[in-house]
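> Sharing a model prediction with you, sequence too.
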Amino acid sequence: MQLLSVVIPVYNEGEHIAATLESLVPNIPADSQVMVVYDFDGDNTIPVVQRIRDALPCKVTLLKNDLGRGVLNALKAGFAAATGRFVFVMMADLSDPPEIIPVMLDKAEKENLDVVCASRFMPGGTHEGGPWLKNLLSKTAGLSLWYLTSMPTHDATNNFKLYSRKFLDSVTIESQGGFEIALELTVKAWQNGWNVGEVPSSWKERSSGKSNFRLWKWLPYYLKWYFKALFGRRRPQKCSAEKIGM
């Protein structure tokens, strides 16, 4: 089994995808599986990937999301097709720095972690730009869960995350909106005894194009998982023998 699969959901990211892939490949193992997941055949991301992928040192595939349009289903399709021991989620707009992927992967292996969060709100992390209300809600959610529940990340809502294959195979995704899937998976991992950690990360608002984040549409879904984190019961931590299949 290869070490890493990377899932990149896209929606007309033809302007960004070349730079994203070129920035990604120096920061992942050469045999990594990279999947660009699209919803419809007319997506302008597709011809760019087809044009450049043969020149890239790792295998890049185009995966059509057949579960229904939207980032949630794109991620679910990517998770189902991923074959690596770890599965990494990143967006195509380079708002998050690919340079920290090796740090996250190293931390996951050395500390036996099942979720590694790229944290904008821990010491050493930064957040630049973006709608002020969205930023405020993300920071408030992350820090309040850190202080009130001892969840071991300051940034539970960020989708720039690394997951172990074992954890993803254990969980049923219930999200119905979109990007709240990151919060759901972090809450479920922590409450069910899987190991969660974080590394500091720098986030910048995308320089061009339009974000597909829909605050008011998805806020109720975020609140559902936020309150589950606050009031849900945490099960005992899984032992190392169980995690490595002994």
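Done, it's in.
> Share the number of residues neighbouring L133, please.
11 (other C-beta atoms under 10 Å). For every residue, glycine as well, the C-beta is placed using N, CA and C.
> secondary structure element for it?
Assigned by DSSP states H and E, L133 falls within helix 132-149.
> which helices and strands does that helix pack with?
Judged by 3 or more C-beta pairs under 8 Å, 6 or more residues apart in numbering; DSSP states H and E, helix 132-149 is in contact with helix 215-231.
> Could you check the angle the helix it packs on makes with helix 132-149?
10 degrees (axes from the mean of the first three to the mean of the last three C-alpha atoms, to 10 degrees).
> ok now helix 215-231, how far from the chain's centre?
Helix 215-231 has its C-alpha centroid displaced from the chain centroid by 17 Å (C-alpha atoms, centre = their mean, to the nearest Å).
> name the helices or strands packed onto it?
helix 132-149, helix 181-191.
> E99 is nearest to which of the ones you listed?
helix 181-191 (20.1 Å; C-beta to C-beta).
> Got the domain ranges for the protein?
1-94, 121-158+170-246 (automatic domain parsing).
> Can you give me the end-to-end span of the first one?
It refers to domain 1-94. 28 Å (C-alpha to C-alpha, to the nearest Å).
> Could you give the average pLDDT over that domain?
Computed over domain 1-94, the mean pLDDT rounds to 95.
> Just the helices from the protein, written as ranges.
17-24, 45-52, 71-81, 101-111, 132-149, 165-170, 181-191, 215-231, 240-243 (DSSP state H).
> Let me know the angle separating the fifth one from helix 181-191.
Translated: helix 132-149. 0 degrees.
> Show me which residues of helix 132-149 are buried.
Neighbour counts using 16 or more other C-beta atoms under 10 Å place 135, 137-139, 141-142, 145-146, 149 of helix 132-149 among the buried residues.
> Give me the distance between it and the centre of its chain.
Using C-alpha atoms, centre = their mean, the offset of helix 132-149 from its chain centre is 18 Å.
> Could you tell me how many residues sit around F231?
Look at F231: counted by other C-beta under 10 Å, it has 8 neighbours.
> Next one, pLDDT for it please.
89.
> G193 too?
95.
> What backbone torsions are found at it?
phi 90, psi 10 (degrees, to the nearest 10).
> Surely it touches Q237?
Yes - with contact defined as C-beta atoms under 8 Å, G193 counts as touching Q237 (4.5 Å).
> which one is M1 nearest to, not counting chain neighbours?
The spatially closest residue to M1, leaving aside those adjacent along the chain, is R85, at 5.6 Å (C-beta to C-beta, 6 or more residues apart in numbering).
> follow-up on the earlier one: comparing the domains of the chain, which comes out most buried?
With neighbours defined as mean count of other C-beta atoms under 10 Å, the domains of the chain peak in mean count at domain 1-94, which reaches a mean of 18.
> chain center to that one, what's the gap?
12 Å.
> Can you pick out the most distant pair from the buried residues of helix 132-149?
N135 and T149 (21.4 Å).
> mind putting the helices of the chain in JSON lines, distance to M122 included?
As requested, the helices of the chain are arranged in JSON lines below (distance: least, C-beta to C-beta, whole Å):
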{"stretch": "helix 17-24", "distance to M122": "23"}
{"stretch": "helix 45-52", "distance to M122": "32"}
{"stretch": "helix 71-81", "distance to M122": "24"}
{"stretch": "helix 101-111", "distance to M122": "13"}
{"stretch": "helix 132-149", "distance to M122": "8"}
{"stretch": "helix 165-170", "distance to M122": "21"}
{"stretch": "helix 181-191", "distance to M122": "14"}
{"stretch": "helix 215-231", "distance to M122": "17"}
{"stretch": "helix 240-243", "distance to M122": "24"}
